[in-house]
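> fold the stuff below for me.
(chains A and B)
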Amino acid sequence: MPSARNSGHIMSGASCKANGAVYPASSAMMNSVKKPKMEQIQADHELFLQAFEKPTQIYRFLRTRNLIAPIFLHRTLTFMSHRNGRSNAKRYGMSDMFLFVTGFFFVALSSHLQLTFTGFFHKDEKPSQNSENEQNSVSLEVLLVKVCHKKRKDVSCPVKQVPTGKKQVPLNPDSNQTKPGSYPSLLVSSNEFEPSNSHMVKSYSLLFRVSRTGRRDTNDTPSRKKRSLSHREEGETTETYVAQMTVFDKNRRLQLLDGEYEVSMQGMEDSPVSKKRATWETILDGKRLPPFETFSQGPTLQFTLRWTGDASGKSTAPVAKPLATRNSDSSSPMETRTSNHRTALMKSVSTDIQTRKEQVPCEPRQKLRIFYQFLYNNNTRQQTEARDDLHCPWCTLNCSKLYSLLKHLKLSHSRFIFNYVPHPKGARIDVSINECYDGSYVGNPQDIHSQPGFAFSRNGPVKRTAVTHILVCRPKRTKPSLSEFLESDDGELEQQRTYVSGHNRLYFHSDSCMPLRPQEMEVDSEDERDPEWLREKTATQLDEFTDVNEGEKEVMKLWNLHVMKHGFIADNQMNQAIMLFVENRGAHIIRRNLCRNFLLHLVSMHDFNLVSTATIDRAMARLRQIQEELPDIEEDQQDQTLVSAAACNGNAVTSSGGKQGKRTKSALTD
Amino acid sequence: MRENKNMSESPSQAGKEIPAKKQKLSSDENSNPDLSGDENDDAVSVESGTNAERPDTPTNTANAPGRKSWGKGKWKSKKCRYSFKCVNSLRVTLYECHSQGEIRLLQSYVDADADENFYTCAWTYDTNTSHPLLAVAGSRGIIRVINHITMQCIKHYVGHGNAINELKFHPRDPNLLLSVSKDHALRLWNIQTDTLVAIFGGVEGHRDEVLSADFDLLGEKIMSCGMDHSLKLWRINSERMQKAIRGSYEYNPSKTNRPFVSQKIHFPDFSTRDIHRNYVDCVRWLGDLILSKSCENAIVCWKPGKMEDDIDHIKPNESNVTILGRFDYSQCDIWYMRFSMDFWQKMLALGNQVGKLYVWDLEVEDPHKAKCTTLTLPKCTSAIRQTSFSRDSSILIAVCDDASIWRWDRQR
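Residues are numbered from 1 along each chain as shown, chains lettered A, B, ... in the order given. The predicted structure is shown next:
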């Protein structure tokens, strides 16, 4: 490598778009090199581009495929857990489902919304700095806002506001001082949520309106009318704060579940809340982070919400679905958990923010710069910068965190080697080609051959080959640390090992060359010491002898098949072989009247010094014993002749002779 | 012999045009794998043209019978009602025969593997949807089943150890597919349950490539022939085979972890080497008689056993054969030349290596007197590998080594 190049064109390249893939820009060439070397460099650069092109194309393809037909979901990966919107704890177990069902009926019968207000907090005053009562409480009005379905004549959705009650709520109470029972509480009858007469109600929400007279306003009465009068007449400093929370959204899903709530209140001029201009925003979007400071500072209203079966009674099930007239969406159980709620914020024009007490911890957004430095032949060829962007350049996956990004790159794009280098402005990732990449199949071996016969087309889902292996593996998870991505000196090879082990190939049946399904692995197709064809062949070959009689042939066949079946190979096994033969085939020999043929066979074996006379004696004795044990041998043979005569069939059935003969006989005698 | 039974002496218009136009269209259509919907007459020659460009398409050079190089570029055509198909090299092309001698190209399928070289095809239908299905196979030994309604390759079967030389469907069970392979064996597949019912071959099976096989009219037995000069009879109406076929229908791979046990039939029910003295490359049943040919310029009509023996009672060790007649012709001493019969088994057609077509009318009392008609055309000069009749015997299709397709219409 000429040294001039090393110094020359390190920083060439194009910047990366926010979610575009990184492609090494070919135009980026530096010009400070001497002219003769130019061509060589150009060629070298082409090689570099070619080297990176193929994996990039592959990952582009895989990205698209994963979008269309995902093999796995990124959010299920441990290092991508932040992509998961819900936690396992929120999942519904079976018992919860039952609760849900029972709860449903409770609600359907009678259920009231009980609100118990803990207090109104506003931090620019100290709690109970004044001993006066008026200063310690604010007036709270709760209205039930019903947004109805638009009728044809209506311009906008008709909104009905039903006042449900007014309460005095302590201002900045000290939680230690106040007894739990003394909080003001309010009950919203379930009747209110029933479908009303004239307009079909689309959604219900609670509107909290807190009125607080200014400090100097000393004579305050709970009555709102009076307050508003005084407000109007005196023009005194009466501050009004509002907040709105949806009880049932337009899909009739219950949004407010049992739990403790703290609602951030907004100072209101006089504009009524217009639902029309309400928008949904998510926190993680990052555009406009909600002012969490309001919870420590600003006016908030704390209350406990319960759905109760009766006016005074206990809480019913945590889940309640209101008279599910339609659209009983199954997603509502997801939302169900007391005091641990999703963080989707509703923001209306008057910017009343409702939020729950617990927020997902959000990483402080920092302007993170990631420099992808493409290395080829140990030289930097291109540097591409991604600003404030933790998307994977190859598959545009938003990894949200640097650690996740690195982990993802390492695991999902292992055709490259990624090395993390800390950088003052963010991170530098050195990208090089993984020369040791193992391109062989690393997927589930069961997937190689799932359906015999199925070609490229699969219309709809097909059943996978059913093989169940339950593998429980709980590896020790090291704490996520960016240091694992730093270039290591020795451990490089170990890191690049494939993560799936096992047989990654397809096997075939040895006798038919048909693909072997994984579950057939245990069925041994190679057990062919005496395959059927060999037995048949042996028999037919013996049949071709012309110088032996039929009885001899029969014994020879029996004997040869016996030897073949048990695999006797040595002379000294013969004694044992003969005794086993007598045990297995004795009855058959007797029935076929082959005893003398068998004896002849034994004698000829003795002539070849294969068996001793003692064995012959023992074998014949055993044969005689079997003959005596054999029931009604004479009779059977008689029967057989009868049968064969009756059936006009030359081949007497021998294998099942005994019983069949008897049955036939009885039939005949009957 | 009635005159009106003969094929027309003049070929159809489409047949004439094919060789003339093939060079013209070859270049621009070469890259288009699916030419379905191309309606004009020229489309026929597109297929021909692409094939002509392939450098490995065999030329008609060797006339020594049994040259291995002839294994390439085997042409086959099959008809299904009015459409027929044609396989060559790595393409499967469907055409439709219209009246007035028109041939339309309907669809063309190209195998993903460039090494594939299709040799054979067979029509069947899906018993559930009644869609016509097309099974094709070739040098890679993989059987592909194409549904041309959905335009998909719906199934494929691997298992054969080498090239597949012929495919045949059971005449009465559209799910039973017989494949005949270079691996010395025949296989019977059930394409409904994707099972291999049986393998015919082994110790007493063919000792060389199996080239051709045929079911008899009732689908009770199979006659196969091959490079070992032998013809072998395999009965599939035996209790063992019937049980295996029933079992293949009952087998459900998702219900069991056991593999389906294919029958290994090592012993044919009859075998002879006395009919031919060279590669036997085509065999067909004609009732209980058998027509077979080798590269000896004759189709032999024969039967196993003696004249009076019943085919169903032939013993496996029967050594007699009775030759009943011969259909002689000339200039057809290369192998892999297939004759064909129409559905009613009244006509027999065979091409020779110089582009001549022989058509015999079998509907005569004495088979020796079957009248032979020779169909020739000045432009059709290369070896006609395959012929096929339409179901109503009105159209005869012949395919040549020079990638041309010829259509003959019976005029009366």
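> for chain A, what are the nearby residues on chain B?
Residues of chain B lying near chain A by C-beta under 8 Å from any C-beta of the partner chain: B:144-145, B:150, B:152-161, B:191, B:194-196, B:199, B:202-204, B:253-254, B:257-259, B:262, B:264, B:266-267. For every residue, glycine as well, the C-beta is placed using N, CA and C.
> ok, the nearest residue to residue A:581 once chain neighbours are set aside - contacts?
Nearest residue to residue A:581 in three dimensions, chain neighbours excluded: residue A:562, at 5.1 Å (C-beta to C-beta, 6 or more residues apart in numbering or on different chains). By C-beta atoms under 8 Å, 6 or more residues apart in numbering or on different chains, the contact set of residue A:562 is A:577, A:580-581, A:584-585.
> so which of those residues is surrounded by the most neighbours?
residue A:581 (24 neighbours; other C-beta atoms under 10 Å in any protein chain shown).
> circling back: so the residue nearest to residue A:581 sits in a helix?
Yes: the assignment for residue A:562 by DSSP: H, G, I helix; E, B strand; the rest coil puts it in a helix.
> can you give me the pLDDT of residue A:249?
What the model reports for residue A:249 is a pLDDT of 76.
> state the distance from it to chain B.
Counting by C-beta to the nearest C-beta, to the nearest Å, the gap from residue A:249 to chain B is 43 Å.
> report the beta-bridge partner residues of the residue of the stretch 1-150 of chain B found nearest chain A.
For the stretch 1-150 of chain B and chain A, the shortest gap (C-beta to the nearest C-beta) falls at residue B:144, measuring 6.7 Å. Per DSSP bridges, the residues bridged to residue B:144 are residue B:136, residue B:156.
> shouldn't it be in contact with residue B:156?
Yes: with contact defined as C-beta atoms under 8 Å, residue B:144 counts as touching residue B:156 (4.9 Å).
> which one's more surrounded, the two?
Taking other C-beta under 10 Å, residue B:144 and residue B:156 do not tie; residue B:144 has more neighbours (23 against 19).
> just checking, residue A:572 is part of a helix?
Yes: counting by three-state DSSP, residue A:572 is found in a helix.
> find me the pLDDT at it, would you?
On the pLDDT scale, residue A:572 gets 88.
> roughly how far apart are it and residue A:610?
9 Å (C-beta to C-beta, to the nearest Å).
> report the buried residues of stretch A:532-543.
A:533-534, A:537-539, A:542 (16 or more other C-beta atoms under 10 Å in any protein chain shown).
> which SS class is residue A:622?
Under three-state DSSP, residue A:622 falls in the helix class.
> who touches it in this structure?
A:579, A:582-583, A:586.
> give me that answer again for 10 Å
Residue A:622 sits next to A:578-579, A:582-583, A:586 when contact means C-beta atoms under 10 Å, 6 or more residues apart in numbering or on different chains.
> for the stretch 101-250 of chain B, what spans make up the helices?
Under the criterion DSSP state H, counting those that start in this stretch, the stretch 101-250 of chain B contains helices at B:239-250.
> taking chain B, what residue is nearest to chain A?
Counting by C-beta to the nearest C-beta, chain B gets nearest chain A through residue B:194, at 3.1 Å.
> hang on, that residue packs against residue B:158?
No: using C-beta atoms under 10 Å as the test, residue B:194 is too far from residue B:158 to be in contact (11.2 Å).
> where does pLDDT dip in chain B?
Low-confidence segments of chain B (pLDDT under 70): B:1-90, B:367, B:412.
> OK, contacts around the residue nearest to residue B:126 when sequence neighbours are not counted?
Sequence neighbours aside, residue B:133 is the residue nearest to residue B:126 in space, at 5.6 Å (criterion: C-beta to C-beta, 6+ apart). Residues near residue B:133 by C-beta under 10 Å, 6+ apart: B:80, B:122-127, B:145-149, B:154-155, B:169, B:174-175, B:177, B:191.
> and stretch B:146-166, what's buried?
So, applying 16+ other C-beta under 10 Å, buried residues of stretch B:146-166: B:146-148, B:152-160, B:163-166.
> farthest pair in those?
Maximum pairwise distance among the buried residues of stretch B:146-166 (C-beta to C-beta): 25.3 Å, between B:152 and B:165.
> ok, residue A:572 and residue A:610, which is more surrounded?
The neighbour count for residue A:572 versus residue A:610, taken as other C-beta under 10 Å, is higher for residue A:610 (17 against 9).
> so where does the more buried one fall, helix or strand?
For residue A:610, there is no host helix or strand (DSSP states H and E).
> also residue A:569?
Per DSSP H and E, there is no helix or strand for residue A:569.
> that one reaches residue A:563, doesn't it?
Yes: the pair residue A:569 / residue A:563 is scored as a contact, 8.8 Å apart, by C-beta under 10 Å.
> between these two, which one's more packed in?
Neighbours around residue A:569 and residue A:563, counted as other C-beta under 10 Å, are more numerous at residue A:563. The numbers are 17 against 7.
> does that one touch residue A:530 like I think?
Yes: using C-beta under 10 Å, residue A:563 makes contact with residue A:530 at a distance of 9.4 Å.
> what do the two both touch?
Jointly contacting residue A:563 and residue A:530 under the rule C-beta under 10 Å, 6+ apart are residue A:538.
> what about stretch B:265-278, distance to the chain center?
Centre-to-centre, stretch B:265-278 and its host chain are 20 Å apart (C-alpha atoms, centre = their mean, to the nearest Å).
> try stretch B:186-202
With C-alpha atoms, centre = their mean, you get 18 Å for stretch B:186-202.
> go on, stretch B:280-295?
With C-alpha atoms, centre = their mean, you get 12 Å for stretch B:280-295.
> now do the SS call for residue B:399.
Secondary structure for residue B:399, judged by three-state DSSP, is strand.
> what's across from it in the sheet?
With DSSP bridges applied, residue B:399 shows beta-bridge pairing to residue B:386, residue B:405.
> and it, how many residues sit next to it?
26.
> what's the distance between it and residue A:425?
Distance from residue B:399 to residue A:425, by C-beta to C-beta: 71 Å.
> what of residue B:335?
Residue B:335 is 76 Å from residue A:425, by C-beta to C-beta.
> more neighbours, the two?
residue B:335 (22 against 12).
> can I assume the more buried one sits in a helix?
No: counting by three-state DSSP, residue B:335 is not part of a helix but coil.
> and the gap between it and residue B:276?
11 Å.
> what touches both of these two?
Residues within reach of residue B:335 and of residue B:276 at once, by C-beta under 10 Å, 6+ apart, are B:293-295.
> most neighbours, which of these?
Neighbour tally across the shared contacts of residue B:335 and residue B:276 (other C-beta under 10 Å): the maximum, 29 neighbours, falls on residue B:293.
> so which elements touch the helix or strand where that one lies?
Residue B:293 is part of strand B:289-294, with elements assigned from DSSP H and E. Using 3 or more C-beta pairs under 10 Å, 6 or more residues apart in numbering or on different chains; DSSP states H and E as the contact test, the elements touching strand B:289-294 are strand B:210-215, strand B:221-226, strand B:231-235, strand B:280-286, strand B:298-304, strand B:321-328.
> can I get these in CSV with mean neighbour count and distance to residue A:619?
Formatted as CSV, the helices and strands packed on strand B:289-294 follow (neighbours: other C-beta atoms under 10 Å in any protein chain shown; distance: least, C-beta to C-beta, whole Å):
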stretch, mean neighbour count, distance to residue A:619
strand B:210-215, 25, 48
strand B:221-226, 26, 46
strand B:231-235, 24, 41
strand B:280-286, 24, 52
strand B:298-304, 21, 45
strand B:321-328, 16, 48
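> dump the residue contacts of residue A:428.
By C-beta under 10 Å, 6+ apart, the residues touching residue A:428 are A:369-373, A:383, A:385, A:419-422.
> would you state the strands of the stretch 51-200 of chain B in chain order?
For the stretch 51-200 of chain B, the strands defined by DSSP state E, counting those that start in this stretch occupy B:76-80, B:83-88, B:91-97, B:103-110, B:118-125, B:132-138, B:143-147, B:152-157, B:164-169, B:176-181, B:186-190, B:195-200.
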